[in-house]
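[1] next one to model:
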Amino acid sequence: MRIELRRQEIIKILSFETSMRVEDIIKRFNVTPATIRRDLSYLEKAGAIMRTHGAAKIVNPFPTRNTMFSNEKLAIAKCAAKLVEDGMSIILDSGTTTLSLANQLVNKKNLTVITNSLAIANTFAITDVTTIITGGVLIGHQQTIIGPDAEYFLSNIQASTLFLCTTGFDPRNGLTCVSPFTASIKKAMIKSAKRVVLVCDSSKFSTSAVVLFATFNQIHQLITSRPIVDKMLLANLKAAGVEITIAEP
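    Have a look, this model is predicted:
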């Protein structure tokens with residue numbers, strides 16, 4: 001794994017765990033303890049994390065995640081925005097790429113957006129876009145709403161398109177995320193949309209997480225920033241009939 005991808009993965013882990021022992025972070029990666037400590041030192045100097053007594057803690061995780069691969073996310077967002085027409089009803093999953101997409105949609109007419117992201121909802125706060133926020137439990141450091149109430153709300157929604165995010169991929173089986181609670185809300189979103197468009201930057205292709213939340217045949221289109229080099233992943237996406245669109249920065 002390249003240095004920048006490993007450091008992004010550390011940020012991602014801490015974004016969900018909030019705080020973690022350095023010893024446990026070292027166990028996650030097949031590198032030396034000295035390498036991880038250099039990564040943590042770099043991230044601390046960059047203001048992304050704080051280190052205290054053998055542990056590492058995220059600092060304001062959502063903005064930090066939003067700055068990583070920002071050029072790629074913007075290109076993906078601009079490409080995805082072309083799929084959104086005036087008068088549509090869409091679901092925007094919580095994520096940094098969908099937040100970038102939201103910024104591309106603020107001038108749409110008669111658009112209805114359903115989301116579980118407070119950051120996305122705030123983006124539309126002073127626009128003419130009708131914004132519907134799911135109920136549920138707020139995960140504060142992620143600005144994300146999850147839980148049974150959010151899933152029940154989505155079960156009564158029928159949107160034309162879902163713009164979905166993922167933590168990573170299982171090249172054989174599908175899309176993955178780090179939490180079963182996050183997986184549940186994503187599954188509910190998929191059931192509530194006629195069309196599912198996955199938006200993700202190239203870093204996700206080298207990342208995997210523990211919880212599978214969707215198979216490849218549940219995805220209609222993938223918009224990403226670079227060609228997929230993992231042959232198994234690419235073959236399984238094509239076999240499932242996923243339309244792959246490259247939005248180069």
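
[2] what's the burial count for Asp39?
    Neighbours of Asp39 under the rule other CB atoms under 10 Å: 21. All C-beta spots, glycine's among them, are computed from the backbone N, C-alpha and C.

[3] just to check, Leu99 is in contact with Asn122?
    No: Leu99 is beyond contact range of Asn122, at 9.6 Å (criterion: CB atoms under 8 Å).

[4] which one's more surrounded, those two?
    More crowded of Leu99 and Asn122, by other CB under 10 Å: Leu99, with 23 against 13.

[5] list the contacts for that one?
    Going by CB atoms under 8 Å, 6 or more residues apart in numbering, Leu99 touches 66, 117, 119-120, 123.

[6] try Pro171
    230, 232-233, 236.

[7] pull out the buried members of the residues you listed.
    For the contacts of Pro171, a burial check counting by 16 or more other CB atoms under 10 Å picks out 233, 236.

[8] could the contacts of Pro171 go into CSV alongside distance to Thr207 and secondary structure?
    CSV is the format used below for the contacts of Pro171 (distance: CB to CB, whole Å; DSSP: H, G, I helix; E, B strand; the rest coil):
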residue, distance to Thr207, secondary structure
Asp230, 11, coil
Met232, 15, helix
Leu233, 11, helix
Asn236, 16, helix
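
[9] of all the contacts of Pro171, which comes closest to Arg6?
    When those are compared for distance to Arg6 (CB to CB), Asp230 wins out at 17.3 Å.

[10] gap between the closest one and Gly54?
    Distance, Asp230 to Gly54, by CB to CB, to the nearest Å: 35 Å.

[11] same check on His220?
    For His220, the distance to Gly54 - CB to CB - is 46 Å.

[12] burial count for the residue nearest to Ala183 when sequence neighbours are not counted?
    Excluding the flanking residues, the one nearest Ala183 by CB to CB, 6 or more residues apart in numbering is Phe213, at 3.8 Å. By other CB under 10 Å, 23 other residues sit near Phe213.

[13] low-confidence ranges in the chain?
    For the chain, the stretches with pLDDT under 70 are 1, 16-18, 46-48, 59-69, 141, 249.

[14] mind listing what's buried along the biggest helix by length in it?
    Among all segments of the chain classified by DSSP state H, the helix with the greatest residue count is helix 3-17. Going by neighbour count (16+ other CB under 10 Å), the buried part of helix 3-17 is 6-16.

[15] which helix or strand lies directly C-terminal to that helix?
    Where DSSP states H and E defines the elements, the next helix or strand beyond helix 3-17 is strand 19-21.

[16] which elements pack onto that following strand?
    strand 55-58 (3 or more CB pairs under 8 Å, 6 or more residues apart in numbering; DSSP states H and E).

[17] the same query, at a cut-off of 10 Å, please.
    Contacts defined by 3 or more CB pairs under 10 Å, 6 or more residues apart in numbering; DSSP states H and E place strand 19-21 against helix 3-17, strand 49-52, strand 55-58.

[18] any idea which residue of this structure is furthest from its center?
    For the chain, the residue at maximal distance from the C-alpha centroid (CA atoms, centre = their mean) is His53, at 30.5 Å.

[19] contact partners for that one?
    Contacts for His53 (CB atoms under 10 Å, 6 or more residues apart in numbering) come out as 21-22.
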